[in-house]
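*Asks:* how does the following fold in three dimensions:
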Amino acid sequence: MDPDYRNFNSGTTAPLKGTDEVVLFCPICSDGCSPGGDHHICCLPCGHMYGLSCIKKWLERSSKCPYCLTKSRVKDIRLLYTTQVVAIDGALQKKVKSLEAKCEKQGFELFKKEAEWKKKEDDFCKRNSQLKFTFMLSNLIVMCVLIFT
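*Replies:* This next block holds a predicted model:
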């Protein structure tokens, strides 16, 4: 059975936050590729990039590039060597997601606190205006009493 070729994204890359390094995600399994090992980043003669273990299995079943359908064989696989690819660790990804969620929650809490402070500031300004008006009215009454007595 041939795999479904529709909606296939070849070699998605994403910048790693805080660095110039790029992570390559294997379009077959959606996991990060590594610069060595079973999921070593590799390409076919057509130039499309995959994780080594995934593309080997793919070619054993279909003998075609999953993206462009160019005929390819396992022996055509070319390993790529680069310092710009970073392996993504599942536990590390979970930790990053957890920290991002924590930051988002703290950002929301900060937003709520800022809204509370803004309301208090508005209430203070309103009360200050009322006190100024009361003070001016009191002075006016005192002046009227002094003038008319």
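*Asks:* neighbours of residue 56, how many?
*Replies:* Residues within reach of residue 56, counting by other CB atoms under 10 Å, total 14. C-beta coordinates here come from the backbone N, C-alpha and C atoms, glycine included.
*Asks:* checking it next. Helix, strand or coil?
*Replies:* With DSSP: H, G, I helix; E, B strand; the rest coil as the basis, the three-state label of residue 56 is helix.
*Asks:* now do the one 3 residues further on
*Replies:* The three-state label for residue 59, taken from three-state DSSP, comes out as helix.
*Asks:* from residue 56, how far off is the nearest residue to it once chain neighbours are set aside?
*Replies:* The shortest distance from residue 59 to any non-neighbouring residue, by CB to CB, 6 or more residues apart in numbering, is to residue 74 (5.1 Å). Relative to residue 56, residue 74 is positioned 6 Å away (CB to CB, to the nearest Å).
*Asks:* same question, residue 148
*Replies:* Summarising the geometry, the distance separating residue 148 from residue 56, computed by CB to CB, is 105 Å.
*Asks:* residue 82 too?
*Replies:* Distance of residue 82 to residue 56, given as CB to CB: 20 Å.
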